[in-house]
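[1] Sequence below, structure please.
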Amino acid sequence: MTINIYNSQTSKKEVFAAQYPGKVNMYTCGVTVYDSCHIGHARSLYVFEVIRRYLKFSGYDIKLVRNITDVDDKIIKKARDWAKRDNISLKQAFESVRNFYIKDYYDDLKGLGLPKADVEPKATENIKQIIEYISGLIEKGFAYEQNGNVYFSPRKLDNYGSLSGNSLDQVQDSVRIEADIDKKDPVDFALWKKVKEEEPSWESPWGNGRPGWHIECSVMSREYLGVDTLDIHGGGRDLIFPHHENEKAQSEAFTGKKFANYWIHHGLLTINAQKMAKSAGNFVTIKDVLKRYSADILKIFYLQAHYSSSLDFSWEKMEESKKNYEKISLLLDRLDRYLMGKQEQPEQAWGTGVKPGQFFREEFKSAMDDNFNMATARAVLFDIVTAANSELDRDDSLKNDSKLVYARNVLREIIDVLALSFEKKQLDGINERKIVEKIELRLKYKKQRDFKAADKIRDELQEIGIVIEDTKDGKTTWRIS
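    Residues are numbered from 1 along each chain as shown. Okay, here's the model as predicted:
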């Protein structure tokens with residue numbers, strides 16, 4: 001099977017072919033550390049982690065680099081607020097802001113149960129490389145210095161706009177004309193910004209200043225992946241223009257080579273069909289959600305739509321995701337309990353029969369090979385839940401243990417690729433034998449039609465975190481909630 005990727009550059013699906021056999025270099029745009037991350041950021045982090053895991057699952061050795069923007073207009077604005085609030089210098093406040101929100105970002109990653117990228121470089125730690133890169137663009141005639149600022153000239157390129165579909169005439173019509181007399185052309189964009197007032201700055205051949213936003217990604221992708229052409233560049237759909245278009249322009253001007261072979265852009269998260277954004281004030285932070293739901297439940301919510309589609313958030317949808325999470329959790333618990341202590345059985349391939357010869361494992365691979373279709377992969381999970389529960393509900397003499405072994409193995413494989421955990425909670429001192437005794441007593445009360453006593457036992461178990469489920473064959477299973 002081959003992996004097909006929808007390439008934003010060509011607006012079509014293409015067969016994925018890595019530059020170097022068995023190896024993938026991938027760069028995604030990370031966070032700007034001026035505030036806490038919202039669940040739109042979490043979707044981006046999650047989507048590219050699943051893509052990374054599936055490429056590994058498919059046999060690739062993948063290196064992922066994700067930057068951290070830690071100098072930016074928004075960060076400086078927040079630093080000014082903190083400096084005034086705490087009566088400290090802007091320089092001190094800038095360091096406090098960036099350090100606080102970098103730690104906050106890593107706390108969110110941990111809360112989401114997601115690992116770091118292989119390298120997560122910061123813009124402020126790569127100033128030397130950025131200055132050298134900008135100097136190279138000036139030497140090649142694609143950039144110019146004016147009054148301590150350095151600008152890139154998109155008109156020097158023949159293919160500017162090929163990623164976003166925006167022509168330079170369209171860019172000029174839409175650009176906000178600012179009182180910037182240093183620009184030779186309104187469409188030019190900043191590579192280096194002259195220092196203002198007490199802003200954080202670094203020495204450069206053009207005077208003290210700081211890098212523009214776009215340049216850091218061109219520099220750090222090349223620095224930490226060691227290639228001029230990326231296999232995959234990813235980010236949100238809102239980054240296509242101007243950020244990714246400008247990255248592409250300056251990178252190809254510098255190297256003379258294609259910047260990325262495949263561009264992957266995920267859809268945006270919305271609230272009431274409006275883009276979730278800090279600037280709009282309509283965002284929900286990662287911490288807000290994780291106070292009410294587990295990271296797995298949030299991920300199952302993300303999986304209901306294709307990564308490239310927009311996804312509307314609501315607390316009602318989170319409740320639906322919680323119920324879906326519990327269906328999978330209950331099945332895993334049932335499978336583990338049923339297969340525990342049984343003689344090891346070989347797998348027997350098993351599927352829905354919708355596609356002849358294609359079983360659950362193959363259905364999952366087929367979904368993910370088709371442009372990482374996580375929504376269809378999620379559907380495979382629930383196909384397994386339905387089929388395995390039906391098999392477990394059969395009389396013991398009729399159950400096919402080899403099918404159930406297969407179901408459990410495939411479930412665990414899919415769960416791992418989708419970065420879900422379904423970690424079994426510990427009993428924390430709860431006596432399992434006493435739980436079984438209470439369940440048996442409840443069944444006795446139910447047979448005697450003393451439902452009030454039976455419900456009391458159910459409620460007592462629920463108070464200590466034990467959920468009981470009555471099966472169609474008259475048996476009762478339990479799990480830790």
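[2] buried stuff in stretch 332-348?
    Applying a neighbour-count criterion of 16 or more other C-beta atoms under 10 Å, one finds Leu332, Asp333, Arg334, Leu335, Tyr338, Leu339, Glu347 buried in stretch 332-348. Where you see a C-beta, it was placed from the backbone N, CA and C, and this is true even at glycine.
[3] remind me which residues of the protein are low pLDDT?
    When residues are selected by pLDDT under 70, those of the chain lie in 1, 173-180, 278, 353-357, 424-430, 472-473, 481.
[4] which residues in the stretch 101-250 of the chain form strands?
    143-146, 149-152, 189-194, 209-211, 230-236 (DSSP state E, counting those that start in this stretch).
[5] Let's have these in a markdown table, adding distance to Ala375 and mean neighbour count.
    Below are the strands of the stretch 101-250 of the chain laid out as a markdown table (distance: least, C-beta to C-beta, whole Å; neighbours: other C-beta atoms under 10 Å):
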| stretch | distance to Ala375 | mean neighbour count |
| --- | --- | --- |
| strand 143-146 | 43 | 19 |
| strand 149-152 | 39 | 24 |
| strand 189-194 | 36 | 23 |
| strand 209-211 | 38 | 24 |
| strand 230-236 | 18 | 24 |
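[6] So which of the buried residues of stretch 332-348 belong to helices?
    Those of the buried residues of stretch 332-348 mapping onto helices are Leu332, Asp333, Arg334, Leu335, Tyr338, Leu339, per DSSP state H.
[7] before we move on, back to that, which of the buried residues of stretch 332-348 sit farthest apart?
    Longest distance between any two of the buried residues of stretch 332-348 is 20.3 Å, between Asp333 and Glu347; criterion C-beta to C-beta.
[8] Please work out how many residues are found near Thr2.
    Close neighbours of Thr2, defined as other C-beta atoms under 10 Å, add up to 8.
[9] show me what contacts it?
    Residues counted as contacts of Thr2 (C-beta atoms under 8 Å, 6 or more residues apart in numbering) are Val15, Phe16, Asp369.
[10] now it, what's its secondary structure?
    Secondary structure, DSSP: H, G, I helix; E, B strand; the rest coil: Thr2 is coil.
[11] Likewise for Arg394?
    Of the three states, Arg394 takes coil under three-state DSSP.
[12] returning to that earlier point: could the contacts of Thr2 be laid out in CSV, adding neighbour count?
    Output for the contacts of Thr2, formatted as CSV (neighbours: other C-beta atoms under 10 Å):
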residue, neighbour count
Val15, 9
Phe16, 20
Asp369, 18
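[13] In helices only, show me the residues you listed.
    Filtering these for helices - DSSP H - leaves Asp369.
[14] could you dump the contacts of Thr2 to a markdown table with distance to Arg378?
    Output for those, formatted as a markdown table (distance: C-beta to C-beta, whole Å):
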| residue | distance to Arg378 |
| --- | --- |
| Val15 | 24 |
| Phe16 | 22 |
| Asp369 | 15 |
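[15] Check the contacts of Thr2 against Leu230 and report the nearest one.
    Phe16 (12.9 Å).
[16] surely Ala454 meets Glu440?
    No - counting by C-beta atoms under 8 Å, Ala454 sits too far from Glu440 to count as a contact (11.4 Å).
[17] neighbour count winner among the two?
    Ala454 (18 against 11).
[18] Which phi and psi values does that one adopt?
    phi -60, psi -40 (degrees, to the nearest 10).
[19] quick one: contacts for it?
    By C-beta under 8 Å, 6+ apart, the contact set of Ala454 is Arg442, Leu443, Tyr445, Lys446.
[20] And whichever strand or helix holds the third one, how far out from the chain middle?
    It refers to Tyr445. Assigned by DSSP states H and E, Tyr445 belongs to helix 432-447. Going by C-alpha atoms, centre = their mean, to the nearest Å, the spacing between the C-alpha centre of helix 432-447 and its chain's C-alpha centre is 43 Å.
[21] Show me what it packs onto, helices and strands only.
    Packing partners of helix 432-447 (3 or more C-beta pairs under 8 Å, 6 or more residues apart in numbering; DSSP states H and E): helix 451-463, strand 466-470, strand 476-480.
[22] any idea how far the closest residue to Phe152 other than its chain neighbours is from Gly256?
    Distances taken as C-beta to C-beta, 6 or more residues apart in numbering place Ala143 nearest to Phe152, at 5.0 Å, with adjacent residues excluded. As judged by C-beta to C-beta, to the nearest Å, Ala143 and Gly256 stand 15 Å apart.
[23] again with Lys446
    Lys446 sits 77 Å away from Gly256, going by C-beta to C-beta.
[24] out of the two, which sits in the busier spot?
    More neighbours surround Lys446 than the other of Lys446 and Gly256, with 17 against 9 (other C-beta under 10 Å).
[25] For the chain, identify the residue most remote from the centre.
    Distance from the C-alpha centroid of the chain, by C-alpha atoms, centre = their mean, peaks at Gln448 (52.3 Å).
[26] Phi and psi next, for that one.
    When read as degrees, to the nearest 10, the backbone of Gln448 gives phi -80, psi 0.
[27] For Leu269, list the residues it contacts.
    Shown in contact with Leu269 (C-beta under 8 Å, 6+ apart): Ile39, Gly40, Arg43, Lys275, Met276, Ser310, Leu311, Asp312, Phe313.
[28] Could you find the closest non-adjacent residue to it?
    Gly40 is the one closest to Leu269 (C-beta to C-beta, 6+ apart), at 4.0 Å.
[29] correct me, but the one you found touches Leu268?
    Yes - using C-beta under 8 Å, Gly40 is in contact with Leu268, at 6.5 Å.
[30] Mind splitting this structure into its structural domains?
    By the assignment in automatic domain parsing, the chain contains the domains 19-134+152-164+211-291, 317-417, 432-480.
[31] Packed most tightly, which of these would that be?
    Ranked by mean neighbour count, the domains of the chain are led by domain 19-134+152-164+211-291 with a mean of 19 (mean count of other C-beta atoms under 10 Å).
[32] now the end-to-end length of it.
    End-to-end distance for domain 19-134+152-164+211-291, by C-alpha to C-alpha, to the nearest Å: 43 Å.
[33] chain center to it: distance?
    Here domain 19-134+152-164+211-291 is found 12 Å from its chain centre; the criterion is C-alpha atoms, centre = their mean.
[34] picking up where we left off before, in what helix or strand does the residue nearest to Leu269 lie?
    helix 39-57.
[35] and the angle from that helix to strand 230-236?
    Orientation note: helix 39-57 sits at an angle of 150 degrees relative to strand 230-236 (axes from the mean of the first three to the mean of the last three C-alpha atoms, to 10 degrees).
[36] Great, nothing more from me.
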